[in-house]
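A.B. asks: Mind folding the following:
(5 chains, ligands or ions: 5)
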Amino acid sequence: MWNWIQRFSSPKHFYSMSVPLIKWFAIAALVIGLYGLYLGLFVAPTDYKQGDSYRIIFIHVPAAWLAMFIYMVMAVSAGIGIIWRIRLADMVAAASAPIGASFTFLALVTGSLWGKPMWGTYWIWDARLTSMLILLFLYLGYMALQSAIDDQRSADKASGLLAIVGAVNIPIIHYSVEWWNTLHQGASVAKFDAPSIHIDMLIPLLLMAVAFKLFYATMVLVRTRNESLYRDRNRRWVREIVEKL
Amino acid sequence: MLKAFYHLLIRDLRLALRNRHELANPLIFFILVVTLFPLAVMPTPEALQTMAPGVIWVSALLAVLLSLDRIFKQDYEDGSLDQLMLSPNPLVILVLAKVLAHWLLTGLPLVIIAPLLGLFMSLSAEAVEVLVYSLLLGTPVLSLVGAIGVSLTVSVNHGGVLLSLIILPLYIPILIFGANAVDVASSGLPVTGQLLFLSAVLALALSLAPLASSVALRITASR
Amino acid sequence: MLKAFYHLLIRDLRLALRNRHELANPLIFFILVVTLFPLAVMPTPEALQTMAPGVIWVSALLAVLLSLDRIFKQDYEDGSLDQLMLSPNPLVILVLAKVLAHWLLTGLPLVIIAPLLGLFMSLSAEAVEVLVYSLLLGTPVLSLVGAIGVSLTVSVNHGGVLLSLIILPLYIPILIFGANAVDVASSGLPVTGQLLFLSAVLALALSLAPLASSVALRITASR
Amino acid sequence: MSVLPMLEAQSLECVRDDRLLFNGLSFSVAESEVLQIEGSNGCGKTSLLRIICGLRLAEAGQVLWHGEKIQASREDYYASMVYIGHLPCIKAELTVLENVRALLDTRSLAVTDAIIETALAKVGLATYEDVPGKALSSGQRRRILLAFVELSQAKLWILDEPLTALDVQGVALMESMIIEHRAAGGSVIFTTHHGMQLDCNMRSIQLGRQIKES
Amino acid sequence: MSVLPMLEAQSLECVRDDRLLFNGLSFSVAESEVLQIEGSNGCGKTSLLRIICGLRLAEAGQVLWHGEKIQASREDYYASMVYIGHLPCIKAELTVLENVRALLDTRSLAVTDAIIETALAKVGLATYEDVPGKALSSGQRRRILLAFVELSQAKLWILDEPLTALDVQGVALMESMIIEHRAAGGSVIFTTHHGMQLDCNMRSIQLGRQIKES
Ligand code: HEM
Ligand SMILES: Nc1ncnc2c1ncn2[C@@H]1O[C@H](COP(=O)(O)OP(=O)(O)OP(=O)(O)O)[C@@H](O)[C@H]1O
Ligand SMILES: Nc1ncnc2c1ncn2[C@@H]1O[C@H](COP(=O)(O)OP(=O)(O)OP(=O)(O)O)[C@@H](O)[C@H]1O
Ligand SMILES: [Mg+2]
Ligand SMILES: [Mg+2]
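C.D. replies: Ligands and ions are numbered 1, 2, ... in the order given. Predicted coordinates:
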């Protein structure tokens, strides 16, 4: 069993095995994403209160969900990398961080853009917004640490440890920020009032969420492949690939 | 093992006591930053009172953050950290000693001086009391979590600001609960919830942070 | 002489560009500290708006303060400062180059990002404009005066907080005028007075600080 | 157990920055043995010593202490070895005596001031007990380390360039210390570029043979 | 002017931490002269060299460059001398080539990459031009300084323990560099504890005679 995991998780094996996965994930992401967008932009009814501006929800919410999802993936694979010393897991974690940061950023930007028509301001110090901002900093911290340490093995383990510590903290952060908000009288001016979701909106929303996850899967595989090529640049299997080119 | 803990603690305290300026410094930084705000914001007395808990807590947090380097950085640079890692004693114990020394040298003085600053910023007596409690529970967590950050960045050149990037997000819950407790207390409401939360976090940090920190040291100090 | 200035400037910029994390860091620290306040103080939107100029200015000041070490400390520790002092070129020129590099790497990014933070803290458009001007005039002074402080403490172990003790009092006038300008602008009044004052201080600092700093270096770097 | 060598390195490999420094390096050190690691600048002596200490992880291979991996028997191993690297480990604020004491404390050795003073006198720092570390010349700093090694009660000394900055008497002192230690059954692994005259049996390993440098 | 010695030290006195290291120390260095400062650890060699460089002020006495106080003729003096101390002056982030260039820039020397590369090859760092400073071993760091000295075009070399961390070839290189420099009319003041074999006339000053050490 152990040997099997070892072999299966070797970068070399992963490199050759991931090609079909990438292809199928990419195609699925594209198809589902396009269909979801179509439903979201053309089929879903116009909101009686917000007009068409609400349609940004089909980007905003999947991006926000994905951002949190990716952090979990990153922390878990960093943990696997540290505990069982599986290099592939470290690579997955390292490859996930920039994607996660991008989606966090996307959620923040789409949220702000949406906030302007909704609340009349781009930003309020609301619990959800704040914890999203903190999530962005957690990602940035991971990436900064990863790039600041020269020795690749130390960089992986150190930033992996940070990801885990961050994961332990996320519930605490979430709880404290949430709680802070309930005591937060001032912000009630701009209440976070979610539109009651109509089924015609819910379906495209869920489709977009699935498409986003598939897109992440595609990206993380591609990035992990690149990582593994780069990190094993001196090993024979990479040299052989390069020679074939 | 207890001896090793004690010796290292004494060594670190002595090192700091030798540089008297260093001893007073987190404190002075704390006071200076607290005074910067009224200068910059020029608030009305009531506004000042509303700001006070937050400002005091943020300043305390920054004072601790700035002095975190003390925990391991110097030791890394002059090679003493190698010797600590080659000690037959468990590294966790040594890390704990260093963290305790750090807290005694930064956190504790802040706790002691805080009432004075609270009075300056016209906090009520109850609020001042809660301020002291919240700092007493919160600053050790700052030192403990900070130690993880320092261990992770110890081999990084100019790691100072990288450290704050890593650490500040982790500090935010403490900040929110600490400042909030004082705020709530100054409106005369009970704050057991907040203080319990802070105690829980302290217990968690106390049990996990030294371990995480010593693992981090073994990873990063390899050169 | 101009060449020496240029080469040193390039060297310092390159050193920072090599550490990408370092480049972004004063900026991130700035943003983080600015965000700490709303979290700690929990202000109403109006209160936030009143606080904003002060908070942004204090955070900028702290970000600069924290990165001051960059100017000479590293060079002192690895011996490069000796080589600079043994340069046939006037030390003042070299100091100026290092200060300029420091400003380009810390002050300027702060100036550029400040409007965004202003929006986060719901400042008005005019206030944001004045914020940018005040930072543009003020941050170079912070770097220049900071250089004096670093030169004086370069040989001190753990000088970080000693440095803030020396420097912060000198920073206070800048802070008051800078924050006040933004504050005044957000109530729609003219701010030429404040900006003129800042320009005058900048001119003064530009002409005196490099000299003071190079004298200080000759004194303290003797080992 | 007695057939096992004290310290054994098994097919160690070290790669730094894409440069293979050594691989398949195996050797062992028994009691009363002195081993010199030789090689030109940058061939990996320091890296090797740090791997042996467990401060660095080798890319492949392992180091055994009495047959057990050092990572698994840290307490045991570290109680019987002492390492001196390129860095002086001196605290600027502590006096010479306190510096030695701080170093000994990491090894949990209870030693009286008098004993430390004797050792300091031996290494030529007799009048310097109360001088703070920052007021020492580079050679004096290194001499503190000699006193530390002398008092460490360690069986295995791992010394990276112990002669750095030492003057002629300092070098002679180091030599006699090694010889005495060996006579008392101790072992030494060391590197140096400046010929050490040791009147005792000594093995040496040449690093960097396999690496071509232009 | 021609009768004046190039560099002259007049009754220098140095006190550190209440210890008188030397006083009334006078000597001069002419062109094509090699001067070794000898003495045991802590006798004040480094302090003396730093005084000569003008990095430290002597308690009494003065240093003259072509008859003028060095503090008064800094530009002149510093254009014709180069100093290497105990510290490596290496920037971790810069490559080897950039490190040499940064050092040369402080002396406002315009040197092409090709020339620097030749010098690097000479000091044994041929394949290391693009390696960052932090990835160097201690000996490789010191070798960068050798390249710097070689390219500095300075008349007077002031070298504090230039052999630190150098391997055997490194030492030989340093020796030949000094001999060549002297043959070209240059002067050298240096300290070392590790016997340097110089096949040329050489004066030496013994420091620390007057200080009793127990
Ligand atoms: C920068 C500003 C914003 C940020 C950072 C942000 C962040 C988030 C996050 C993290 C979620 C996922 C919450 C969860 O599933 O637990 C979310 C969901 C959502 N956001 Fe935003 N948001 C922002 C602005 C807005 C605005 C202006 C609106 C419109 C009023 C909005 C409407 C929604 C809705 C409807 C959801 C889905 C609700 C749910 O799943 O419960 N967001 N947002
Ligand atoms: N920073 C300092 N402050 C006070 N005293 C010092 C300082 N540095 C050195 N000393 C003292 O000055 C004396 C001479 O030091 P110096 O570094 O000049 O010696 P050195 O001859 O270069 O020795 P070494 O051969 O060990 O390099 C020493 O005895 C030391 O105690
Ligand atoms: N921090 C580092 N990161 C990457 N590579 C390094 C690092 N330190 C050293 N190296 C490389 O590893 C090689 C061996 O370094 P090491 O310090 O082990 O050499 P050494 O044999 O001790 O040399 P010296 O005699 O100069 O002390 C060198 O070629 C160097 O380029
Ligand atoms: Mg070495
Ligand atoms: Mg010396």
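A.B. asks: quick one: the helices in the chain?
C.D. replies: If you meant another chain, say so; for now it's chain A. Taking DSSP state H, the helices of chain A run over residues A:2-8, A:11-38, A:57-84, A:87-119, A:127-148, A:152-182, A:199-231, A:236-244.
A.B. asks: nope, chain B
C.D. replies: Under DSSP H, chain B gives helices at B:2-18, B:20-41, B:45-67, B:73-78, B:80-85, B:91-102, B:108-120, B:125-153, B:160-186, B:192-220.
A.B. asks: among these, which is the most enclosed?
C.D. replies: helix B:160-186 (a mean of 26; mean count of other C-beta atoms under 10 Å in any protein chain shown). Quick note: C-beta positions are derived from backbone N, CA and C, even for glycine.
A.B. asks: Is chain A within reach of it?
C.D. replies: Yes: contact of helix B:160-186 with chain A (C-beta under 8 Å from any C-beta of the partner chain) involves B:162, B:165, B:166, B:168, B:169, B:170, B:172, B:173, B:176, B:177, B:180, B:184.
A.B. asks: can you list the residues of chain D near ligand 4?
C.D. replies: Residues of chain D lying near ligand 4 by C-beta under 5 Å from the ion: residue D:46.
A.B. asks: Can you list the residue ranges for helices in chain D?
C.D. replies: Going by DSSP H, chain D shows helices at D:45-53, D:74-79, D:96-106, D:113-122, D:138-151, D:168-183.
A.B. asks: Ligand 2 is nearest to which of those?
C.D. replies: Nearest to ligand 2, of all those, is helix D:138-151, at 2.5 Å by C-beta to the nearest ligand atom.
A.B. asks: Kindly reformat the helices of chain A as a markdown table containing mean pLDDT, distance to chain D and mean neighbour count.
C.D. replies: Shown next, in a markdown table, are the helices of chain A (pLDDT from 0 to 100; distance: least, C-beta to the nearest C-beta, whole Å; neighbours: other C-beta atoms under 10 Å in any protein chain shown):
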| stretch | mean pLDDT | distance to chain D | mean neighbour count |
| --- | --- | --- | --- |
| helix A:2-8 | 75 | 15 | 10 |
| helix A:11-38 | 91 | 15 | 15 |
| helix A:57-84 | 94 | 13 | 21 |
| helix A:87-119 | 92 | 12 | 21 |
| helix A:127-148 | 90 | 16 | 23 |
| helix A:152-182 | 86 | 7 | 20 |
| helix A:199-231 | 92 | 11 | 19 |
| helix A:236-244 | 86 | 12 | 11 |
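A.B. asks: Which among these is found nearest to ligand 1?
C.D. replies: Using C-beta to the nearest ligand atom, the helices of chain A put helix A:87-119 closest to ligand 1, at 2.2 Å.
A.B. asks: starting at the chain centroid, how far to that closest one?
C.D. replies: Remark: helix A:87-119 is offset 6 Å from the chain centroid, using C-alpha atoms, centre = their mean, to the nearest Å.
A.B. asks: residue in chain A nearest to ligand 3?
C.D. replies: Counting by C-beta to the nearest ligand atom, chain A gets nearest ligand 3 through residue A:150, at 5.9 Å.
A.B. asks: Can you confirm whether the lowest-mean-pLDDT helix or strand in chain B lies near chain D?
C.D. replies: Between all helices and strands in chain B, the lowest mean by mean pLDDT, DSSP states H and E belongs to helix B:20-41, at a mean of 84. No: judged by C-beta under 8 Å from any C-beta, helix B:20-41 makes no contact with chain D; its nearest approach is 9.0 Å.
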